[in-house]
Each structure stands twice: as C-alpha cells, then as structure tokens.
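Undergrad: Provided below for reference: sequence and predicted model.
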Amino acid sequence: MKACLLRAPAPVETNPLEFADAPDPRPGKGEILLRVKMCGVCRTDLHVVEGELPPRKSPVIPGHQIVGVVERLGEGAKRFQPGARVGIAWLHRTDRTCEYCRAGMENLCDSPTFTGYSVDGGYAEYAVAPEDFVYPIPEEFPDDQAAPLLCAGIIGFRSLRLSGIKRGGRLAFYGFGAAAHVAIQVARHWGAEVYACTRGAKHRQLALQLGAVWAGEASAEPPAKLDAAIIFAPAGELVPAALKALKKGGVLVLGGIHMSPIPSFDYNLLYQERVIRSVANNTRQDGEDFLRVAAEIPVRTQVTVFPLREANRALNDLKSDRINGAAVLDCTR
Ligand SMILES: [Zn+2]
Ligand SMILES: [Zn+2]
C-alpha cells in the first residue's frame, strides 16, 4: 500500500514524511482491516512528527482520525461486516487489567497503545485496529466531515465535560482550531455562552459565525467573567491569562497533549477555588456519547482536504495557522 512514513522526527518545514510503499497491514485476532477513505490531521500528529512526543516506533505512519470501510476481519472478529463504515481514533487499545481500566478510566490506562504513534495510523491506504476500539460512523456525516470528529471532536467533548459547563454558563476557548470549532457547536447546543480568544482574524471570524458572542486576541480578556475556559492552543503562557478571566470556583481545562512551559503566576489567580485540570485521551464511552450528540445536533465540520501524498503540506499549513477548521487527508488519491 501507499503510506506516509515518519522515520525520525524533524521540523515539518523539512517535509519529514515520506510518501512510499509500505507492507499491507494484516488484521490479527479480534482486529479488523480498514480501507482508509479519509484521515484527519490533528495537532498531535504535528507533535509526533516534530518529536515533542518522544518516538515510540520507527518508521511510523501517523494519523488517528481514520474513517474507512471494513475490508477484512481478523480471526474471531464479528462486530462489523465487511463494507461497514467505521472510525479509528487515538486510543488504539488498552490492557483492560490495570487499576484505571478496572475503575472505568481507560483513558488513563497504564499500558495503552495509541494510533499513529505507538502503532501505525491512517496516513495510509489501509489500517488495522481491534474491533472493540472502533466506532460506527453515523450516516449523517460524509467521510471528510466525519474524520475531525474522531479526535478534535471527541477530545473537545471530553474537555467540555470536564469543564462542568452548564446551560446559561459562560465558557471561553483559547485557540480556535479543529477542536474548538466542533466543541462550540456542542456548547451552544447545551445552552452555554461562548467566547473565543485566538490569534488570526479568520479563526475569530469562524468563531463568530458559529455563534460565539465575542472573539478577541489569543490572550485578550473576555468582557465577562467565565464559569469555565478550555485551552486548546499548546501555549503555556495562556494559563495565567485564562485563570484571570475565571469567576470564583471557575474551571480551566487544558485540552492538549503537549504544552509549552507554564510561567509562574500569583496564587491569587488560582485562589477562591479555581481549578486547573488536564485532559488525557478519552474513554470509548466519551467517543460513543459524542458521536451520538454530534449526529443529533448535527455538528458541521469545516474541512480542507489534501491528497494523502501531500500530508507534509497539510502539517505545514496547520503549524502556520493557515487551516480554518480542520485539515483532512483523502487517502483514496
Ligand atoms: Zn489499563
Ligand atoms: Zn488528535
């Protein structure tokens, strides 16, 4: 098959992904083989390619927002029929036995594997995954629209849940890329008032189009005190700015897998029971709940589609803020 291979991390400006032939993956016991249609491009892919996340496999095929069609079943796999349209997300497999898995917190599993990082992902014509970790894709969504739901959507949804935002509450997003442009639609559906702090006039414009009541610069102070804020941008310097915007008892959620160092700040910004918490991965329950809500709303994603062979260009555009909404690779061409 054709795939984009990362042999060693390097700045994306050097176009480190090699479009090449790779062995066709084979589905193992309980696994399914997917013919990939579309694969979303996530900021985490950028962290994998540039090495902010330490390499786990070489070469590795990145990509963890995979929409495809079941091509073949591994031994014992029976959950899906060939031809079914399904999605593979970041959480590829857990051990099911550690204390976190047993307590219903599989997102914190002690020995998980991750798609497009510790195992090969979807920047390719084919991919495999355990059938239990695969999601049926609601028919409301075309392939390209569905891809960004599988990480940007699910992680944004978990971030919203952890923010505790309620009907009538005020919520800000710091950074308005793929995750925020989906999360705002869910937050509005839940009746929250949304503020967007983000660099780039186009991102602010998209936020307003999607129903934000206000949009300002990345570290600007929203005009009202917030019940909750979610930082999607990987920029630690936003933490004090976001804390400053919170009401007493407000919650700040850090939605990214990587963040630059957080500067020290005065205890007063945190005092009065303000909370900072991170989001790590997601449970399958988060994914299933999100896809159901997304189909009900229905969520509309704004996507820019690139051919698979141009994955380097997609990553460069993402890094330099040239993508409004989400970038998606068409793995059929
Ligand atoms: Zn576990
Ligand atoms: Zn992701």
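TA: Yes, it's here. Ligands and ions are numbered 1, 2, ... in the order given.
Undergrad: which residues does whatever residue of the stretch 1-150 of the chain ends up closest to ligand 2 contact?
TA: Of the stretch 1-150 of the chain, the residue with the smallest distance to ligand 2, taken as Cβ to the ion, is Cys42 at 3.1 Å. Yep, even glycine has a C-beta here, placed from its N, CA and C like the rest. Each residue near Cys42 by Cβ atoms under 8 Å, 6 or more residues apart in numbering is listed here: His64, Gln65, Trp90, Cys151, Ala152, Ala178.
Undergrad: next SSE after the longest strand seen in the chain?
TA: For the chain, the longest strand by residue count, based on DSSP state E, is strand 31-41. Tracing the chain C-terminally past strand 31-41 and defining elements by DSSP states H and E, one meets helix 43-50 next.
Undergrad: As PDB, could you dump the C-alpha coordinates of the longest strand of the chain?
TA: Provided in PDB are the C-alpha atoms of strand 31-41 (Å, rounded to 0.1, in the frame of the first residue of the first chain):
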ATOM      1  CA  GLU A  31      -8.900  -7.000  14.700                       C
ATOM      2  CA  ILE A  32     -10.300  -5.500  11.500                       C
ATOM      3  CA  LEU A  33      -8.600  -4.200   8.400                       C
ATOM      4  CA  LEU A  34      -9.900  -0.900   7.100                       C
ATOM      5  CA  ARG A  35      -9.600   0.500   3.600                       C
ATOM      6  CA  VAL A  36      -9.000   4.200   4.700                       C
ATOM      7  CA  LYS A  37     -11.100   6.800   3.000                       C
ATOM      8  CA  MET A  38     -10.200  10.000   5.000                       C
ATOM      9  CA  CYS A  39      -7.800  10.700   7.800                       C
ATOM     10  CA  GLY A  40      -8.000  13.900   9.900                       C
ATOM     11  CA  VAL A  41      -4.800  15.800  10.600                       C
END
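Undergrad: relative to helix 43-50, how tilted is that strand?
TA: 90 degrees (axes from the mean of the first three to the mean of the last three Cα atoms, to 10 degrees).
Undergrad: So which bits of the protein are right by ligand 1?
TA: Residues of the chain lying close to ligand 1 (Cβ under 5 Å from the ion) are Thr94, Asp95, Cys98, Cys101, Cys109.
Undergrad: Which strand or helix spans the fourth one?
TA: Following DSSP H and E, one finds Cys101 within helix 99-102.
Undergrad: now that helix, how far from the centre of its chain.
TA: What separates the centre of helix 99-102 from the centre of its chain is 23 Å, taken as Cα atoms, centre = their mean, to the nearest Å.
Undergrad: Identify all contacting residues around that helix.
TA: The list of residues contacting helix 99-102 from outside it, by Cβ under 8 Å, 6+ apart, reads Thr94, Asp95, Glu106, Asn107, Leu108, Cys109, Asp110.
Undergrad: can you tell me the average pLDDT over the helix or strand following it?
TA: Toward the C-terminal end, the helix or strand that comes next after helix 99-102 (DSSP H and E) is strand 113-114. On average, the pLDDT along strand 113-114 is 98.
Undergrad: Kindly indicate whether the residue lying farthest from the centre of the chain is helix, strand or coil.
TA: Here the chain has its C-alpha centre computed as a mean, and the residue farthest from that point, by Cα atoms, centre = their mean, is Asn268 with 32.1 Å. Judged by DSSP: H, G, I helix; E, B strand; the rest coil, the three-state class of Asn268 is helix.
Undergrad: any idea how far ligand 2 is from it?
TA: For Asn268, the distance to ligand 2 equals 34 Å [Cβ to the ion, to the nearest Å].
Undergrad: pLDDT score for that residue?
TA: 97.
Undergrad: Return the residues in contact with it.
TA: With Cβ under 8 Å, 6+ apart, Asn268 has no contacts at all.
Undergrad: picking up where we left off before, in the helix holding Cys101, which residues are buried?
TA: Along helix 99-102, these residues count as buried under the neighbour rule (16 or more other Cβ atoms under 10 Å): Tyr100, Cys101.
Undergrad: Start the count at 326 instead of 1 going forward.
TA: I'll keep to 326 as the first residue from here, and by that count the last item is helix 424-427.
Undergrad: Over that helix, what's the mean pLDDT, rounded is fine.
TA: Mean pLDDT, computed over helix 424-427, is 98.
Undergrad: Now that helix - C-alpha only, PDB.
TA: Listed in PDB are the C-alpha atoms of helix 424-427, where the atom choice follows Å, rounded to 0.1, in the frame of the first residue of the first chain:
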ATOM      1  CA  GLU A 424      -6.400  -0.200  38.100                       C
ATOM      2  CA  TYR A 425      -7.500   2.600  35.800                       C
ATOM      3  CA  CYS A 426      -9.200   0.300  33.200                       C
ATOM      4  CA  ARG A 427     -10.900  -1.600  36.000                       C
END
